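Asks: Pasting a predicted model and its sequence here:
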Amino acid sequence: MNHQQLFEQIQKKRSFLCVGLDTDILKIPKHLKDTSDPIFSFNKEIIDATAEFSVAYKPNLAFYESLGWQGWESLEKTVHYVREKYQDIFLIADAKRGDIGNTSNLYARAFFDKLDFDAITVAPYMGEDSVKPFMTYLDKWVILLALTSNKGAFDFQFLKDEKSGDQLFESVLKTSKDWGSNESMMYVVGATKAEKLKEIREIVPNHFLLVPGVGAQGGSLQEVAKNGMNNKCGLLVNSSRGIIYASAETDFAEKAGEAAKKVQQEMEILLSESKLI
Ligand SMILES: O=c1ccn([C@@H]2O[C@H](COP(=O)(O)O)[C@@H](O)[C@H]2O)c(=O)[nH]1
């Protein structure tokens, strides 16, 4: 999916919601545990209940890898399910990969060829040659970690370079934006750092930003939109626990649908106020 197609999906669904499929075997409702693949059963029902209100899904790889080969099987089935039933959905592998070029090539093959994701999150620490291999696929995306939502972001990401005066997250943005374009790169910016989005928009005015941290981490959707929205929306706002664990009972999918709808309705207002729909 390219930039324009993603924006058109946002306009059509009146939503820039990304639902995080952080499916934890310890948290899924008891009645699903007797099925042959509880993780896939859970994902399937969550997707069916929320697809109307979201433009993207983001399985976080940790939740699948922690289960060994069965986790990979559940992930693969989830990707196939979305591809068959909801062709217009943007699929993000939250894998936070990146290694020497030769190895990144294989990560790219795993997530784009084998699994047919649209995008993968990548850590910038190893630099250009670790990121470029993910950008050799047409209409596939790298989502580079820029300013993360967690407390540990303050350990390194705000460190100032004495010569340029830039903080590390600014250097990441300024240096990396020339590695690709706004057709092949997005950035992760945490909703808990929404006040920084104005500065970030000065550096990358046209890129899409993947914004985790609303819902369970307490970030404000309104602040994110106020500071980060551009003329093509430019935002995919993720919520995982706040949506998929809205209930732990047999009504989990229905409640997840309600939670997604609530966020979508807020997004519709924000899109409309910005005259994007
Ligand atoms: O800076 C970051 C980067 C990634 N994440 C991931 O997003 C989701 C957030 O889940 P919630 O339940 O909505 O808090 C999760 O997969 C994180 O690993 C992030 O939170 N912050």
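Replies: Nice, I can see it. Numbering: from 1, shown residues only.

Asks: you'd agree E199 is up against E170?
Replies: Yes: taking C-beta atoms under 8 Å as the contact criterion, E199 and E170 are neighbours in contact, 7.3 Å apart. Bear in mind the C-beta positions are built from the backbone N, C-alpha and C, glycine included.

Asks: higher neighbour count, these two?
Replies: When neighbours are counted by other C-beta atoms under 10 Å, E170 comes out ahead of the other of E199 and E170, with 22 against 14.

Asks: Find me the pLDDT at that one, would you?
Replies: In this prediction, E170 carries a pLDDT score of 98.

Asks: Kindly report the same for L115.
Replies: According to the prediction, L115 has pLDDT 96.

Asks: Pull the number of nearby residues for it.
Replies: The criterion is other C-beta under 10 Å. On that basis, L115 has 20 neighbouring residues.

Asks: same question, L159
Replies: Counted with other C-beta under 10 Å, the burial measure for L159 works out to 12 neighbours.

Asks: Quick check on the closest residue to it other than its chain neighbours: phi, psi?
Replies: The shortest distance from L159 to any residue other than its chain neighbours is 4.9 Å, reached at L168 (C-beta to C-beta, 6 or more residues apart in numbering). Reported as degrees, to the nearest 10, the phi and psi values for L168 are phi -60, psi -40.

Asks: again, but for F90
Replies: Backbone dihedrals for F90, given as degrees, to the nearest 10, come out at phi -90, psi 130.

Asks: Would you mind measuring from the residue nearest to L159 to the ligand?
Replies: Plainly put, L168 is 14 Å away from the ligand if you go by C-beta to the nearest ligand atom, to the nearest Å.

Asks: got the contact list for that residue?
Replies: With contact taken as C-beta atoms under 8 Å, 6 or more residues apart in numbering, L168 is in contact with 156-159, 161.
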